[in-house]
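> how would this look folded up:
(chains A, B, C and D, ligands or ions: 6)
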Amino acid sequence: MKPKKDLSSHYTQSTPNWCPGCGNYGIWVSLKNALQELKLPAHKVVLVGDIGCSGKLAYWTDYNGFGSLHGRSIPIAEGVKIANSDLTVIVVGGDGGLLGEGLQHFLHACRRNVNIAVVLHNNQVYGLTTGQTSPTSDPGYQSSTTPEGSYETPLNPSLLALTAQATFVSASFAGNTPHLTQTIKSAILHPGFALVDIYQPCVTYNYINTYEYYSKRVYDITTTPYKPDNRFRAMKKSMEIEGGEKFPIGILYQDESRPSLQDNIQNRVAPLVKQSINNITVKSLFEQD
Amino acid sequence: MKPKKDLSSHYTQSTPNWCPGCGNYGIWVSLKNALQELKLPAHKVVLVGDIGCSGKLAYWTDYNGFGSLHGRSIPIAEGVKIANSDLTVIVVGGDGGLLGEGLQHFLHACRRNVNIAVVLHNNQVYGLTTGQTSPTSDPGYQSSTTPEGSYETPLNPSLLALTAQATFVSASFAGNTPHLTQTIKSAILHPGFALVDIYQPCVTYNYINTYEYYSKRVYDITTTPYKPDNRFRAMKKSMEIEGGEKFPIGILYQDESRPSLQDNIQNRVAPLVKQSINNITVKSLFEQD
Amino acid sequence: MKLKNEFVIAIAGKAGQGILSMGDFIQHIAQNVGLYSFVWVDYPSLIKGGHNVVFIRISDTPIYAPVEQINYLIALDAESLEIHWDEIFKKGVLIYDKDIVKKEISQKPNKTQPFFGVGVPFNAISRGINKSTRYANTVAIATLHYVLGWELATYAKILEKKFKKKSQQIVDDNISAMKQGYEYAEENYDSIFTHQLNKGQAEPYYSIDGSQALAFGAIKAGVKFTAAYPMTPATPIFDHLAAHSDKYGIIAKQAEDEISAICMTVGASYAGARALTMSSGGGFSLMVEALGLAGITETPLVVVNAMRGGPSTGLPTKTEQSDLRFVLHASQGEFPRVVLAPGDSVELYQLIQESFNLADLYQLPVIVLTDKYLATSQMIFPKDTDLDAISVDRGILINSQKELGGDEKYARYLFTKDGVSPRALPGSNGITFHSGSDEHNEYGEICEDPHNRVKMMDKRMRKEKTMLPSIPKPKIYGHTNADITLISWGSTKWAAIEAIELLANHNILANVMHFNYIYPFNIAKTQPLLDKIKRSIIIENNATGQFAGLLKQYFNFEPEHSLLKYDGHPFYPDEIAKIILNQMF
Amino acid sequence: MKLKNEFVIAIAGKAGQGILSMGDFIQHIAQNVGLYSFVWVDYPSLIKGGHNVVFIRISDTPIYAPVEQINYLIALDAESLEIHWDEIFKKGVLIYDKDIVKKEISQKPNKTQPFFGVGVPFNAISRGINKSTRYANTVAIATLHYVLGWELATYAKILEKKFKKKSQQIVDDNISAMKQGYEYAEENYDSIFTHQLNKGQAEPYYSIDGSQALAFGAIKAGVKFTAAYPMTPATPIFDHLAAHSDKYGIIAKQAEDEISAICMTVGASYAGARALTMSSGGGFSLMVEALGLAGITETPLVVVNAMRGGPSTGLPTKTEQSDLRFVLHASQGEFPRVVLAPGDSVELYQLIQESFNLADLYQLPVIVLTDKYLATSQMIFPKDTDLDAISVDRGILINSQKELGGDEKYARYLFTKDGVSPRALPGSNGITFHSGSDEHNEYGEICEDPHNRVKMMDKRMRKEKTMLPSIPKPKIYGHTNADITLISWGSTKWAAIEAIELLANHNILANVMHFNYIYPFNIAKTQPLLDKIKRSIIIENNATGQFAGLLKQYFNFEPEHSLLKYDGHPFYPDEIAKIILNQMF
Ligand SMILES: Cc1ncc(C[n+]2csc(CCOP(=O)(O)OP(=O)(O)O)c2C)c(N)n1
Ligand SMILES: Cc1ncc(C[n+]2csc(CCOP(=O)(O)OP(=O)(O)O)c2C)c(N)n1
Ligand code: SF4
Ligand code: SF4
Ligand SMILES: [Mg+2]
Ligand SMILES: [Mg+2]
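Ligands and ions are numbered 1, 2, ... in the order given. Reported below is the predicted structural model:
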């Protein structure tokens, strides 16, 4: 295929422009690797980006990308998936959008067990708006909006997802792309709602939760006897991070038995975009009254 | 004091008009008893009502009442409390408003540990809009919006609150007014965010979760060795309801040690409504630049 | 005001007393004997109790509007009697339960009681049959039959039809309740036939409410996905779609809030399904941001706003037309949109289909305004209406790289003369593309170049002009050059049209100019019509004359008189006529 | 276009290269030597990299607007040079880093390079000092000094003041970087004084941006609570309030979303604290529902919408005036509101105070429109401005049953002539009351009575008339009866006013009619002014002429010409003058 007409200008953001060293690069690479290794045809994949540094990723791959609204990427992804179940639908967004502005959507998508994968770029800060405190910021975190330091306890994404009965809950680290690639693959393959909570250093604004900080604390749960088959045990495991010292990464919980939204609707209606709508007759609706 | 001018007409809702037998009457009585027993002067209490059958309660006591918006009673209550900490601020709302429309506010108020009590009229249905499925409706619940039966797993209010680190989490039953009165009293006295999740029969639309249904299943945890001093144990306890057979009522968890929002701000700022604003000088702000 | 050959039956009582189904029975009976009917309701925002009324207007000529008159009142409780005492017409009839209404009611009219009184022990008779009050309403309807001089055959048939699914016992009990009620009235009251209207030759029609008309139209248009959050009076539309979802292959999803509802809808539409969301003003308020998302991503979107009394929670169960300016300007920034306001069941059925076509053809959001009055009134929908008149037009859709012809990289936002860029759906073979809410270049890449910005804004805005051929001028009802023109939009249509005849009785030649395509205006086609108007009055169910403001802004047209109503109730033809007579002639 | 005795310095580079602080230094220096300054910025929506520019306009006469000219360009990277090459004025000067800019630059102007070139090894010199490029910007500013013929004393003082808190070492390093840069330029380039502007007699002024002006005004007005969710370009207002919260007893709460932000604000205001929330259009979209809550509960509310390029996410860091109609009609139903649009730092400081008074006096929501341009531009704020000119007026507040006089039960929504009901706060001794979003009677009880409904609607709407005395007419700048009137609103004020002089150079007598009170209009006072206009042009930073639409609707006034700009940038006086000259004369 011909390359794009050259529309590039100093004003066009055609390629990744995250800050040098930003953890988003690691997520970007891992996501692309995961999709490649899964051999998914590009036109059958849709990345729905939230608004934030993280969400821009949706514009920067050769897959379909839809840059949505801050906090609303999940319900938009749900609509895309329900309309065309042949598509692999992946949400890329940040802790501010998915756990602040759009927290309700995140939790309701969990209980709905809708077949999308949510890639949470958790940098514990609002990046694109220049460093404000986020729902996952550490206690005491100082920023222009909390000069006195935040006194709200951080939200725990994995624990929240488990509480709302998500069927796939995992965590990974932007600094460990092989692990992240694997985890994203499993999330995409999971038949239902899947969360990948990714510790993502923001090198420009977050001087606390750095590469070094995470590297010291993350550990791969597959190196432990842990089994991801019990929701309650998974909760306990996910709560380890609340101490701020140990960050388990890997699949914390997976339940493939619970019917997904897809399972629940496909036996009732044909794939929506496949139905012909040209000669629908409604007379019977008028008559039955 | 003189009585109100008689404005009553067939069109005025001056007194409770819930359906005969509605669980809201039990909550109404219990809340009034609790406030009376606490001897709080009427003018120092503000009930913030959500929109729903439940929220109308705010219009129907001799305390101050503010009928807010569907799903928004919590942030409004937060604003009231922050502005005037002398007020006792209580939210009355339903499962639809507080766990659907306004779920994000509920969880963020928990982590904020703001000093309000939330009285959740949990009838597992949307009452005022005539019986649709709610976030706490049982799996398979049928309504006009889910004729095929709901296939989303219900949310667990207490578990959610605990996940978000609420410092007071309790449950009670509209059919047990003495217990409910006690529980609401403890919630109001708690120094921080307090949830009272109330099983409330909706006699008109919910034929599953009836008085009988709950009466059979609720049990007072004070009759067991259970101690409400451990968050993780409280989670386990709160999850009993997910089986649909056992509904523990009473205080599931209380932590009075964590500083409340009030504790965090009062040492920094004088009560907002008490400050005089008549002769504020700002010259120094211009100068420092 | 003089009566046509028609009358109004009002059934009043508390929510939960089953007055709606009584209304249905009576409407069915009238329809079965060849009479026209129009049914509207008035109820408060609470579940049980309160004061509820269903009005059934019956006539041997077509009728499409509510009127302010009660010829026959069936009072199911004492309160209803108090409330409506003064509204019952002279020589009208009050039908009540002897045992419930303690007040002394005389059989014949007198000074203090200008109407007849017919008291029958509805509940006692019912109890006599099965120890419950279950059949009291049947007794009441039977009594009405006696009063109207209707024979019971039709009613019996309908009872049979309705209840035999349940059990023969119930059918028999109903029949005997019916007979006993009729006989009791017959024995105790001499017949009063104030109206000799017991049959007619009505053209066959369906009696459906606005929510059904809109839902049926959406189904016809091929809606495959709908998401919504419950809100009066929009919910019934969703319920109808949900009820027929399996048959028509529709997914109807109740969302956690309206933000999610509209976002799911945008997502589904982006993916290629015709998608609809609906709410009332409060829910629409939460949809405002995503409306702009559809605007800049050029995603087809149809949103129904079923208006009710505002502001805020306001009057949840009352009617109003006060969201016009709001929906017209909702969301930050500027993008093209369409606003439609159907005026009756047929327009609802057809314009919702047009909405889906417009949304697809021009890739923009279309907002359909309806209101509580339209949503809940059972209107005449002529059976000879061509249900297939409007065919589906999805606009330019690219389904594969092949269709692009050549190996050009697909550009979602290609600059085109008419502003419409060929649309591909995600999943199209060999095509991938980007789109989003940031300002973008032709490829959908984030682009802040000022020149590209202006070109892209102009491309989007151009669509407003491009669509003008699809935008008709307002319809005129009545004499083309009348002395006075009544201007209506949306639901005020028929109250205005029926006023024409009432004015004719006073030798005033009136016509109605009805707008149902609200924005964009086809100014070229519309201005001449407005310029031709001699005298004018605009009729709006709001307090600030919102549509009048548009006429001023876009046509420099100022109606001579403006009739605004914002008490929560729809317009009645006679109140319109009265105002015109008293204040303009 | 002829130059006044003024010039513009542009500093261009990547985000993260510290161009903003360079701008501050230069602005401070100019101010210190008695010159006027105006600083504006242009940057993309990304964190690091991208192309950022800060413009410092310097003059010996007051200046309040950006101009489209670059006399001196300090290019911190090669790309900046490419982008601005053609914009550097004839005889202007390019200041660059020899080692970074590979391109051949000649010292003297020539055909291909109409400007002078002064290359100094910014980074090399810095590295020479402490092995880092930390002092490169100091070198660049020193070079500018040589080029401008400014002596270094002031700069040295400012460096000293700024850095001595950090360490004497840093001060010394900066000073030597400064000296070396200056000497290098001196040795290698002969002096080019294109402007003899190295001191002036400027009236003392503060140089503050719109966000500061607004925040300071809010603090002055006694704002005690603010809640917001971060959004460009509104966030800085919140940040300033947060920064000074301890000193002024303010609680500044970052909320989980904008819905919570406005709801907390309404709650705080209901409880009696002056409360403020702010966002840009996207966040405002989410505040729409609660705006109506404030409307019907008659709770004072002040909301700032700092506009940016729309629709949707649009152009997050660019300026636009495209939310006017949106905020004017936002939320379902009808209720009175006020919309203000300040045009400069002093108006921002004052009108935000007026907003709090209006909100309290008439118990309604007030929306203040600003934009990215106002929010981020450092404007002249004359030191002799009376900072205490506007005193706090909270309207009628009842603090106890006693004040009610007598033992009448307090009615929150008492029907009054002017529509304003005496307001009590919760917690007032002996008083309890109900209020809410449902339509209500005088006691705030839910009431659907049609008569009460109409009275209560009329009571609320009446406040729009009641407040008219508080609403001034638009201000006229320039000759009272000019040949042409430039109509501005909000941030287009000064570009228009400065155009007057440019037009005067062409013997065109122009004036400016500036609107900062947008709604409600004081029609009686304003119509005569509009009627007096001979010829007119309206200037708006949007694509559809939103304010022009209002003038048409409310005054039947149509400007002869309309100048619309929607490329994300503010207006420049000379582009306005050019258009008028080319298209109207
Ligand atoms: C409705 C709305 N509110 C606020 C914003 C401004 N905004 C853009 S990005 C962002 C937060 C980004 O934080 P996060 O979601 O964690 O993403 P990150 O940049 O950290 O990857 C905000 C508040 C917006 N675009 N829309
Ligand atoms: C923004 C908005 N959406 C929807 C509604 C309509 N509405 C009113 S009450 C209600 C739900 C009531 O359910 P719940 O919150 O559980 O209260 P309940 O009536 O069951 O006590 C809804 C959806 C509304 N008033 N506002
Ligand atoms: S601000 Fe932080 S998150 Fe955003 S691009 Fe820079 S480093 Fe990455
Ligand atoms: S509908 Fe249900 S919740 Fe509402 S008043 Fe009736 S019984 Fe109570
Ligand atoms: Mg983040
Ligand atoms: Mg409920």
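> what residues sit buried inside the helix ranked longest in chain C?
Looking across chain C with DSSP state H, the single longest helix is helix C:168-188. Across helix C:168-188, burial judged by 16 or more other CB atoms under 10 Å in any protein chain shown covers C:170-171, C:173-182, C:184-185. To be clear about C-beta, it is placed using only N, CA and C from the backbone, and glycine gets the same treatment.
> which residue ranges of the stretch 101-250 of chain A form strands?
Counting by DSSP state E, counting those that start in this stretch, the stretch 101-250 of chain A has strands at residues A:117-122, A:125-126, A:132-133, A:168-173, A:194-199, A:218-220, A:247-254.
> how big is the angle separating the fifth one from strand A:247-254?
Right, the one you point to is strand A:194-199. For strand A:194-199 against strand A:247-254, the angle by axes from the mean of the first three to the mean of the last three CA atoms, to 10 degrees is 180 degrees.
> who are the packing partners of strand A:194-199?
Under the contact criterion of 3 or more CB pairs under 8 Å, 6 or more residues apart in numbering or on different chains; DSSP states H and E, strand A:194-199 touches helix A:23-37, strand A:117-122, helix A:157-163, strand A:168-173, helix A:177-189.
> partners of that strand, with directions?
In the sheet, strand A:194-199 lines up against strand A:117-122 (parallel), strand A:168-173 (parallel) (DSSP bridges).
> over to the second one?
For strand A:125-126, sheet partners with direction are given as strand A:132-133 (antiparallel), following DSSP bridges.
> coming back round to it: could I get the strands of the stretch 101-250 of chain A as JSON lines with mean neighbour count and distance to ligand 3?
Below are these laid out as JSON lines (neighbours: other CB atoms under 10 Å in any protein chain shown; distance: least, CB to the nearest ligand atom, whole Å):
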{"stretch": "strand A:117-122", "mean neighbour count": "28", "distance to ligand 3": "8"}
{"stretch": "strand A:125-126", "mean neighbour count": "29", "distance to ligand 3": "7"}
{"stretch": "strand A:132-133", "mean neighbour count": "24", "distance to ligand 3": "11"}
{"stretch": "strand A:168-173", "mean neighbour count": "28", "distance to ligand 3": "15"}
{"stretch": "strand A:194-199", "mean neighbour count": "30", "distance to ligand 3": "12"}
{"stretch": "strand A:218-220", "mean neighbour count": "16", "distance to ligand 3": "18"}
{"stretch": "strand A:247-254", "mean neighbour count": "23", "distance to ligand 3": "18"}
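> okay, those in a markdown table with mean pLDDT and distance to D:Pro528 next?
Below are these laid out as a markdown table (pLDDT from 0 to 100; distance: least, CB to CB, whole Å):
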| stretch | mean pLDDT | distance to D:Pro528 |
| --- | --- | --- |
| strand A:117-122 | 98 | 59 |
| strand A:125-126 | 98 | 50 |
| strand A:132-133 | 97 | 49 |
| strand A:168-173 | 98 | 69 |
| strand A:194-199 | 98 | 64 |
| strand A:218-220 | 98 | 73 |
| strand A:247-254 | 98 | 71 |
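> and those: which comes nearest ligand 2?
Proximity of the strands of the stretch 101-250 of chain A to ligand 2 was assessed by CB to the nearest ligand atom; the nearest stretch is strand A:117-122, lying at 25.6 Å.
> does that closest one reach ligand 1?
Yes. Strand A:117-122 is in contact with ligand 1 by CB under 6 Å from any ligand atom, via A:His121.
> and that strand, C-alpha only, in PDB?
C-alpha atoms of strand A:117-122 as PDB (Å, rounded to 0.1, in the frame of the first residue of the first chain):
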ATOM      1  CA  ALA A 117      -9.200  -5.900  27.800                       C
ATOM      2  CA  VAL A 118      -8.400  -2.800  29.800                       C
ATOM      3  CA  VAL A 119      -4.700  -1.800  29.800                       C
ATOM      4  CA  LEU A 120      -4.400   0.600  32.700                       C
ATOM      5  CA  HIS A 121      -1.400   2.900  32.500                       C
ATOM      6  CA  ASN A 122      -1.100   3.400  36.200                       C
END
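> possible to save the helices and strands packed on strand A:194-199 as a markdown table with distance to D:Pro44?
Compiled in a markdown table, these are given as follows (distance: least, CB to CB, whole Å):
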| stretch | distance to D:Pro44 |
| --- | --- |
| helix A:23-37 | 17 |
| strand A:117-122 | 20 |
| helix A:157-163 | 30 |
| strand A:168-173 | 30 |
| helix A:177-189 | 28 |
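> which of the ones you listed sits closest to ligand 2?
Closest approach to ligand 2 among the helices and strands packed on strand A:194-199 is made by helix A:157-163 (19.7 Å; CB to the nearest ligand atom).
> what helices and strands are in contact with that closest one?
Contacting helix A:157-163 under the criterion 3+ CB pairs under 8 Å, 6+ apart are the following elements: helix A:103-112, strand A:168-173, strand A:194-199, helix A:231-238, strand A:247-254, helix B:157-163.
> so for D:Asn481, which of the ones you listed sits nearest?
Among the helices and strands packed on helix A:157-163, helix A:103-112 comes nearest to D:Asn481, with 58.9 Å by CB to CB.
> close to ligand 2, is that closest one?
No. Using CB under 6 Å from any ligand atom, helix A:103-112 stays clear of ligand 2, with a minimum separation of 12.9 Å.
> show me what that helix is packed up against.
Counting contacts by 3+ CB pairs under 8 Å, 6+ apart, helix A:103-112 is packed against helix A:73-83, helix A:157-163, helix B:103-112, helix C:258-271.
> of all the ones you listed, which lies closest to ligand 6?
With CB to the ion, the closest approach to ligand 6 among the helices and strands packed on helix A:103-112 belongs to helix B:103-112: 13.5 Å.
> where does the chain have low pLDDT?
I went with chain A, as the question did not name one. A:7-8, A:289 (pLDDT under 70).
> you answered for a different chain; I wanted chain C.
In chain C, residues with pLDDT under 70: C:1-4, C:193-195.
> by proximity to ligand 1, which residue of it wins?
Closest point on chain C to ligand 1, by CB to the nearest ligand atom, is C:Glu289, at 6.1 Å.
> what sits opposite C:His434 in the beta ladder?
On the basis of DSSP bridges, C:His434 is bridged to A:Gly65.
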